[in-house]
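Trainee: Sequence and computational prediction follow.
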Number of protein chains: 2
Amino acid sequence: MAAASQARRLKGPEELAITAFERGHFTSYSACGIPYWIGGRVAERDELIARTPEEHRARDIDLRMRTEVVELDLAGRRVRARDLESGAEDWTGYDKLVLATGARPVRPRLPGIGAHRVHGVQTLDDGQRLMDTLERTRGRRAVVVGAGYIGVEMAEALVGRGFEVTVLHRGEQPMATLDPDMGALVHGAMNRMGIRTVAGAEVTKILTDEEGRAVAVATAAGDEYPADVVVLGIGVEPRTALARAAGLPLGESGGLLTDLSMRVRGHEDIWSGGDCVEVLDLVAGRNRHIPLGTHANKHGQVIGAGVGGGYATFPGVVGTAVSKVCELEIARTGLREKDALAAGLRFVTATIESTTTAGYYPGAAKTTVKMLAERRTGRLLGVQIVGGAGSAKRVDIAAVALTAGMTVEQVVSLDLGYAPPFSPVWDPILVAARRAVSAVRAADA
Amino acid sequence: MAAASQARRLKGPEELAITAFERGHFTSYSACGIPYWIGGRVAERDELIARTPEEHRARDIDLRMRTEVVELDLAGRRVRARDLESGAEDWTGYDKLVLATGARPVRPRLPGIGAHRVHGVQTLDDGQRLMDTLERTRGRRAVVVGAGYIGVEMAEALVGRGFEVTVLHRGEQPMATLDPDMGALVHGAMNRMGIRTVAGAEVTKILTDEEGRAVAVATAAGDEYPADVVVLGIGVEPRTALARAAGLPLGESGGLLTDLSMRVRGHEDIWSGGDCVEVLDLVAGRNRHIPLGTHANKHGQVIGAGVGGGYATFPGVVGTAVSKVCELEIARTGLREKDALAAGLRFVTATIESTTTAGYYPGAAKTTVKMLAERRTGRLLGVQIVGGAGSAKRVDIAAVALTAGMTVEQVVSLDLGYAPPFSPVWDPILVAARRAVSAVRAADA
């Protein structure tokens, strides 16, 4: 809908007719806000909705809700859509096509995975279904499978609703988007918040009662975790079956491949963006699937410009992500150790502890910053931050520095905002950079 | 002392003898923290002290407290120092000299300016004297002269101590380091906090009682503002009389001129840094006097490296500063409109309102961002931010982008941290950049 809106801004209805198909009940909402609604910090579901179907229609967008596109006929320049209420189908022609089919929660093929009370959380419809379960159940035990962003945010949300939460995750530490040493800090904090975490847990089965409702989660280790609700937070995958069937180019992750103007490769009149595409990781120098609302919104702007006859590009990402679990803030950008190894890079790491404000300022919170820098060149490769209030958004400093290709020596000299309520005299990012400069020198001495 | 400490790290006492002279009672403290101690947010003065004289001496630095250097004999490579307690003087020779004489509050030559209860706030000794006055006076009326960083921070501090505060300032709006339209937001917020501000106020005289204590401040408009304490916040100037007398090169502001390794220009064995030097403003392409603890600390590291036989440089600044007055956060980096005009640049401006978190997230605070971009090239020139909690440190994004010479179009594509507790889906900086991109296009259409 961001693309549709932007295209409409550039071309009026006399120049461009826009038809949009949406299989769900909602448009233009903040999927990232779902955990905060579930957890009760956002009071009403509809606060997450930026623009209703009626608002889109008022801007001359022919928006067909609860209508699923089931086939793309690229040669015929038409799509076949099914009204999910009536089952009726018809074909709609196009000159320009935008695919924004998003992603869907990964659901491993396990016994019981389709049971009642087992929920993925990707769309607002998913969120509503989970909310219905939470309101119906009298039990207070929740099992979250997966400890990535969705997993930890849902764990916080369920704690917020008074559930006793167990997070089962495969890896050594939660937050596998961080290196394990930084993930360990998240682990410790989650446990102190009363969230139970189980590392190395391979889920093998969801146990159900006679009414087909989940009652426990079983793991390969032979353990069973009782559950009144199960939330799947094991990631999402591009929803590209339609594109695949039409022969459009997909990458390793199954996401659509586009050029920098978000046109599907090899197809001048087809654009795609959001959670169903791969994006260029500028630091790793390769494509990745990074489903994130902020990228999707930028894609929408770029696609809308292209459809509307303008010009814009999405140059790529550096892999920035921020999150929180209760009071703990978590951030990362660029490469982890394993990403750098996979990219064939030699690097050093520097990990420092500092505070988010001057140490003497009331409310100074501890923050840990880990920085990766390339050997010899000293180029900044990545930053991870775990700490108290004021930690996470500092990652933006590193995100800009990564985009600019700065060395850690250049980072040390950055003129960052300093005053006691906001930072120690050396910002934690600069402290980490100083340590990284020394590490680069020592490694190549 | 940062330079001395860094030099000591690189060379032990057998290789390098270090003597340091300090006229005051304190070393290595956070001058920027003084307003928070005065205001009672930091309980004890000594919390501001990072390292005591004894700690420096334990690292083999011959630190002479309450000892003022009164003459530099460059030809003879020696300095004359006076013990401020005994009045005794003697000469000390050197091979390498570091001048870190700092700055002093500007004190216009006005009747009564030297009265009791009239305080500048630059050193911890200054702060202690002000604290003594505040503890002695039974009055509750404070007049702050000047509405820059020190002025507004001291206004907040005095409000925190229960004073009725009037801020007299010359300009149209407080915070002249911002453009007047952004300063107006600070003005409004200060008034709502109960701080009275008087614009266009030219102080002509401090009225005193028979005991030589300030009782009121008179302005050119003929008004008198009763005062039980007067705080001067009209800026500081480099304390370089000693350097001037020795014939060392000074810039327009009176600050010492150095090269990028912080050596005084033309003097291989003399370094200077901190509030007594000018720094290169990388955006304006000219020198400026920017007294700020974070720069001083970086200078100390660079000088210490040089003195210790290593190599480091301080490439310059982009003019970043952050501050707060009660709950209002204030930040700026790069050029204001008048700076850009003075630099001969043609530019556009874009001002937007947004929130510090997703709009629906509890605690979302309003934030206003103003961005300047060069016409034709679209190069980012400056950013100013005024808003609630979470506003100020976003200026770092712009500070890094300025350092990298990015265009506003490049800023729009930055991969910044997004999650509802931390940012709207478009960070306010990106929203401003989008508006600036449109303004650049419109200006050159």
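Mentor: Yes, it's here.

Trainee: use CA for all of it now, contacts and neighbours both
Mentor: Noted.

Trainee: ok, whichever residue of the stretch 151-300 of chain A sits closest to chain B - how many residues close by?
Mentor: The nearest approach of the stretch 151-300 of chain A to chain B comes at residue A:294, 5.0 Å away (CA to the nearest CA). Applying other CA atoms under 10 Å in any protein chain shown, we find 22 residues neighbouring residue A:294.

Trainee: dump the residue contacts of the residue nearest to it when sequence neighbours are not counted.
Mentor: Distances taken as CA to CA, 6 or more residues apart in numbering or on different chains place residue B:425 nearest to residue A:294, at 5.0 Å, with adjacent residues excluded. By CA atoms under 8 Å, 6 or more residues apart in numbering or on different chains, the contact list for residue B:425 reads A:293-294, A:297, B:358, B:418-419.

Trainee: Residue numbers of the stretch 101-250 of chain A in contact with chain B?
Mentor: The stretch 101-250 of chain A comes close to chain B at no residue, as judged by CA under 8 Å from any CA of the partner chain.

Trainee: which residues of chain A score low on pLDDT?
Mentor: Of all residues in chain A, none has pLDDT under 70.

Trainee: domains for it, by residue range?
Mentor: A:2-104+A:237-307, A:107-234, A:321-443 (automatic domain parsing).

Trainee: which of these sits most buried?
Mentor: Highest mean neighbour count among the domains of chain A (mean count of other CA atoms under 10 Å in any protein chain shown): domain A:321-443, with a mean of 23.

Trainee: Residues of the stretch 251-400 of chain A that sit close to chain B?
Mentor: Residues of the stretch 251-400 of chain A lying close to chain B (CA under 8 Å from any CA) are A:293-295, A:297-298, A:314-324, A:331, A:360-362, A:392-397, A:399-400.

Trainee: For the residue nearest in space to the middle of chain A, give its distance to residue A:33.
Mentor: Centroid-nearest residue in chain A: residue A:292, 3.8 Å away (criterion: CA atoms, centre = their mean). In this view, residue A:292 and residue A:33 are 12 Å apart by CA to CA, to the nearest Å.

Trainee: Contact partners for the residue nearest to the centre of chain A?
Mentor: Residue A:292 neighbours (CA under 8 Å, 6+ apart): A:274-275.

Trainee: try residue A:441
Mentor: Residue A:441 sits in contact with residue A:376, where contact means CA under 8 Å, 6+ apart.

Trainee: can you tell me how far it sits from residue A:340?
Mentor: Using CA to CA, residue A:441 is found at 19 Å from residue A:340.

Trainee: Over to residue A:268?
Mentor: Where residue A:340 is concerned, residue A:268 sits at a distance of 34 Å (CA to CA).

Trainee: same check, this time on residue A:69
Mentor: Taken as CA to CA, the span from residue A:69 to residue A:340 is 40 Å.

Trainee: Would you mind measuring from the residue in the stretch 101-250 of chain A positioned nearest to chain B to residue B:101?
Mentor: For the stretch 101-250 of chain A and chain B, the shortest gap (CA to the nearest CA) falls at residue A:149, measuring 10.0 Å. Residue A:149 is 50 Å from residue B:101, where distance means CA to CA.

Trainee: do the same with residue A:26
Mentor: Taken as CA to CA, the span from residue A:26 to residue B:101 is 64 Å.

Trainee: how close does the residue of the stretch 101-250 of chain A closest to chain B get to residue A:276?
Mentor: Taken as CA to CA, the span from residue A:149 to residue A:276 is 18 Å.

Trainee: For residue A:296, which residues are in contact?
Mentor: Each residue near residue A:296 by CA under 8 Å, 6+ apart is listed here: A:273-275.

Trainee: so what does whatever helix or strand residue A:332 lives in touch, helix or strand wise?
Mentor: Assessed by DSSP states H and E, residue A:332 sits inside strand A:328-334. Judged by 3 or more CA pairs under 8 Å, 6 or more residues apart in numbering or on different chains; DSSP states H and E, the packing partners of strand A:328-334 are helix A:180-192, strand A:321-325, strand A:380-387, helix A:395-403.

Trainee: Recalculate using a threshold of 10 Å.
Mentor: helix A:180-192, strand A:321-325, strand A:366-374, strand A:380-387, helix A:395-403 (3 or more CA pairs under 10 Å, 6 or more residues apart in numbering or on different chains; DSSP states H and E).

Trainee: partners of that strand in the sheet?
Mentor: Counting by DSSP bridges, the strands paired with strand A:328-334 are strand A:321-325 (antiparallel), strand A:380-387 (antiparallel).

Trainee: Any chance of these in CSV with distance to residue B:171 as columns?
Mentor: Shown next, in CSV, are the strands paired with strand A:328-334 (distance: least, CA to CA, whole Å):
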stretch, distance to residue B:171
strand A:321-325, 41
strand A:380-387, 41
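
Trainee: Quick one: closest of the ones you listed to residue B:387.
Mentor: With CA to CA as the criterion, residue B:387 lies closest to strand A:321-325 of these, at 21.6 Å.

Trainee: Can you report phi and psi for residue A:196?
Mentor: The phi and psi torsions at residue A:196 (degrees, to the nearest 10) take the values phi -80, psi 130.

Trainee: What of residue A:314?
Mentor: Dihedral angles for residue A:314 - degrees, to the nearest 10 - are phi -120, psi 100.

Trainee: rewinding a little: let's have the contacts of residue A:296 in a markdown table, adding secondary structure.
Mentor: Shown next, in a markdown table, are those (DSSP: H, G, I helix; E, B strand; the rest coil):
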| residue | secondary structure |
| --- | --- |
| A:273 | coil |
| A:274 | coil |
| A:275 | coil |
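
Trainee: Looking at those, spot the one nearest residue A:217.
Mentor: residue A:275 (28.6 Å).

Trainee: Look up how far residue A:342 lies from that closest one.
Mentor: Distance from residue A:275 to residue A:342, by CA to CA: 24 Å.

Trainee: give the contact list for residue A:180.
Mentor: Applying CA atoms under 10 Å, 6 or more residues apart in numbering or on different chains to residue A:180 gives the contacts A:171-174, A:186-187, A:336-337.

Trainee: Repeat the analysis, applying 8 Å as the threshold.
Mentor: Neighbours of residue A:180 in contact, by CA under 8 Å, 6+ apart: A:172-174.

Trainee: can you check residue A:66 too?
Mentor: Residue A:66 makes contacts with A:21-25, A:83-85, as judged by CA under 8 Å, 6+ apart.

Trainee: Try it again at 6 Å.
Mentor: A:22-24, A:84 (CA atoms under 6 Å, 6 or more residues apart in numbering or on different chains).

Trainee: Residue A:105 now?
Mentor: Contacts of residue A:105 (CA under 6 Å, 6+ apart): A:120, A:235-236.

Trainee: Run through the residues that contact residue A:71.
Mentor: Contacts of residue A:71 (CA under 6 Å, 6+ apart): A:79-80.

Trainee: Just list whatever residues bridge to it.
Mentor: residue A:80.

Trainee: Next, work out how far apart it and residue A:249 are.
Mentor: The gap separating residue A:71 from residue A:249 is 16 Å, by CA to CA.
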